[in-house]
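In: Dropping the sequence and predicted coords here.
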Amino acid sequence: MVKILLLGIVILFIAVLLMGVRVFFTKKGEFASIHIGECKALQERGIHCATSQDAEMSRRESPIEKMLKSENL
């Protein structure tokens, strides 16, 4: 049981070390951004993060509000 636990810990340590090679061993190492707004492929398709889309939609004026304003003038 102890051998399996130690083997699991060693494998986990090696996996974390290999995933972070660039981060741990370079001066400007950082993890790649996983934010949707920073992905060029998604930007080209016009896809934004939910927070940005929500903010954009709240800034827009609804067609009903436009119609009511135009009738009041």
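Out: Looks like it arrived, so ask away.
In: Show me which positions of stretch 45-52 end up buried.
Out: Of all the residues in stretch 45-52, not one is buried under the rule 16 or more other Cβ atoms under 10 Å. The C-beta positions use only the backbone N, C-alpha and C, and glycine is treated the same way.
In: so where do the helices sit in the protein?
Out: 2-19, 21-25, 40-44, 50-59, 63-72 (DSSP state H).
In: quick one: which of these is nearest I34?
Out: helix 40-44 (11.2 Å; Cβ to Cβ).
In: Spatially central, which residue of the protein would that be?
Out: H35 (2.1 Å; Cα atoms, centre = their mean).
In: Not counting residues beside it along the chain, what's closest to that one?
Out: C49 (6.7 Å; Cβ to Cβ, 6 or more residues apart in numbering).
In: F24 contacts E30, correct?
Out: No: at 11.0 Å, F24 and E30 do not qualify as touching, with contact defined as Cβ atoms under 8 Å.
In: any idea how the protein splits into domains?
Out: 1-31, 33-73 (automatic domain parsing).
In: Lowest mean pLDDT across the ones you listed, which one is that?
Out: Among the domains of the chain, domain 33-73 carries the lowest mean pLDDT, a mean of 78.
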